[in-house]
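*Asks:* generate a structure from the sequence data that follows.
(one chain, ligands or ions: 3)
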Amino acid sequence: MKNTIVTLQDQKRRGEKITMITAYDYSMAKLLDQTGVNCLLVGDSLGMVMLGYEDTVSVTMEDMIHHGAAVAKGTRDALVVVDMPFLSYHISVEEAVRNAGRLMREAHAQAVKLEGGSSVLNQVRAIVNSGIPVMGHLGLTPQSVHAFGGFKVQGNTVEQAEQILADANALEEAGAFALVLECVPRGLAKRITDEIAIPTIGIGAGVDTDGQVLVYQDALGMFEGFQPKFVKRFGDIGTQIKNGIMDYCDAVKANEFPTIEHSFKGSQELERLY
Ligand SMILES: Nc1nc(=O)c2c([nH]1)NC[C@@H]1CN(c3ccc(C(=O)N[C@@H](CCC(=O)O)C(=O)O)cc3)CN21
Ligand SMILES: CC(C)C(=O)C(=O)O
Ligand SMILES: [Mg+2]
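*Replies:* Residues are numbered from 1 along each chain as shown. Ligands and ions are numbered 1, 2, ... in the order given. All right, here's what the predicted structure looks like:
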């Protein structure tokens, strides 16, 4: 069944956990969608897991549209949310609305996600007013990695925690339909989840958020760059890929692949000649 922003909000009301996983291309989106996962996130983490960058800062609108459109094509049931990349919503409210609109029109997103609290409230209001659902993202907001001095847990001082709580309330007030909480202490995530009416989706935010999100390469053992503490491996697809392709290479070298079943017989006319 098609998931919408309304079904996600109903899940919070009913106390039913929300599931979200990243997706970046057509064939993977098609597989992931068949699992019944509620939400596919075309994350700007694609810069790191698909393009090999050190962080997400270099990701462009064109990258997000390219991958977003592929995911939308492969998805039937999940809600497709596309990240707004660094600097696509900071320069002006107008640019933010234009870029959110491009993600809807050109990537066929059903909602957009952007990072930050008090500094982006005008943008959130304007995008929501144009009819585009907005998901917020607080805590470790990776587009600010250089301001944070690394990918570090956020909200560990009382002052920081109060700011994140205030930002969560302000995002709800500005019209966000849901909120990602990344790398914050679990008590803070619980407090926010209890205090706001919109669903919270955690990544490294403990067990009490209304839902969870992971990068699929982390969940399936397909990314060898780093493994944050919040990741659990639910599969070992990296090993399966390597073993499968080693078997393929061995079979080619041993003349065991292809066999006659994988070959095309020529026409009768051609069979006489070759
Ligand atoms: N593959 C992948 N998975 C992710 O979860 C992810 C990305 N890429 N790219 C974008 C951001 C970056 N993220 C990250 C990256 C590293 C840590 C990390 O190493 N965290 C340390 C905690 C460091 C500290 O607070 O001192 C950890 O041990 O979890 C956390 C989030 C989350 N996002
Ligand atoms: C990790 C999630 C929340 C994200 O923003 C991304 O994948 O880009
Ligand atoms: Mg992101």
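
*Asks:* what segments of the stretch 51-200 of the chain are helices?
*Replies:* 61-74, 93-105, 121-129, 145-148, 158-174, 186-195 (DSSP state H, counting those that start in this stretch).

*Asks:* nearest to Gly206 among those helices would be which one?
*Replies:* Of all the helices of the stretch 51-200 of the chain, it is helix 186-195 that lies closest to Gly206, at 2.6 Å by Cβ to Cβ. From N, CA and C alone the C-beta is placed, and that goes for glycine too.

*Asks:* now for the closest one, which elements pack on it?
*Replies:* Applying 3 or more Cβ pairs under 8 Å, 6 or more residues apart in numbering; DSSP states H and E, we find helix 186-195 packed against helix 158-174, strand 178-182, strand 200-203.

*Asks:* still on that earlier bit, now the helices of the stretch 51-200 of the chain in TSV, with distance to ligand 2 and mean neighbour count?
*Replies:* Shown next, in TSV, are those (distance: least, Cβ to the nearest ligand atom, whole Å; neighbours: other Cβ atoms under 10 Å):
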stretch	distance to ligand 2	mean neighbour count
helix 61-74	10	20
helix 93-105	14	18
helix 121-129	16	20
helix 145-148	12	12
helix 158-174	15	17
helix 186-195	13	18
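
*Asks:* of those helices, which is nearest ligand 3?
*Replies:* helix 61-74 (10.0 Å; Cβ to the ion).

*Asks:* tell me which parts of this protein are close to ligand 3?
*Replies:* Residues of the chain lying close to ligand 3 (Cβ under 5 Å from the ion) are 43-44, 83.

*Asks:* one more pass at 8 Å, please.
*Replies:* Counting by Cβ under 8 Å from the ion, the chain comes close to ligand 3 at 41, 43-45, 56, 83, 113, 115, 137, 142-143.

*Asks:* as JSON lines, those residues with pLDDT, neighbour count and distance to ligand 1 would be great.
*Replies:* Output for the residues of the chain next to ligand 3, formatted as JSON lines (pLDDT from 0 to 100; neighbours: other Cβ atoms under 10 Å; distance: Cβ to the nearest ligand atom, whole Å):
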{"residue": "Leu41", "pLDDT": "99", "neighbour count": "29", "distance to ligand 1": "11"}
{"residue": "Gly43", "pLDDT": "99", "neighbour count": "30", "distance to ligand 1": "7"}
{"residue": "Asp44", "pLDDT": "99", "neighbour count": "28", "distance to ligand 1": "7"}
{"residue": "Ser45", "pLDDT": "98", "neighbour count": "23", "distance to ligand 1": "4"}
{"residue": "Thr56", "pLDDT": "98", "neighbour count": "22", "distance to ligand 1": "5"}
{"residue": "Asp83", "pLDDT": "99", "neighbour count": "31", "distance to ligand 1": "10"}
{"residue": "Lys113", "pLDDT": "99", "neighbour count": "24", "distance to ligand 1": "13"}
{"residue": "Glu115", "pLDDT": "98", "neighbour count": "25", "distance to ligand 1": "11"}
{"residue": "His137", "pLDDT": "99", "neighbour count": "27", "distance to ligand 1": "11"}
{"residue": "Pro142", "pLDDT": "98", "neighbour count": "21", "distance to ligand 1": "4"}
{"residue": "Gln143", "pLDDT": "98", "neighbour count": "23", "distance to ligand 1": "9"}
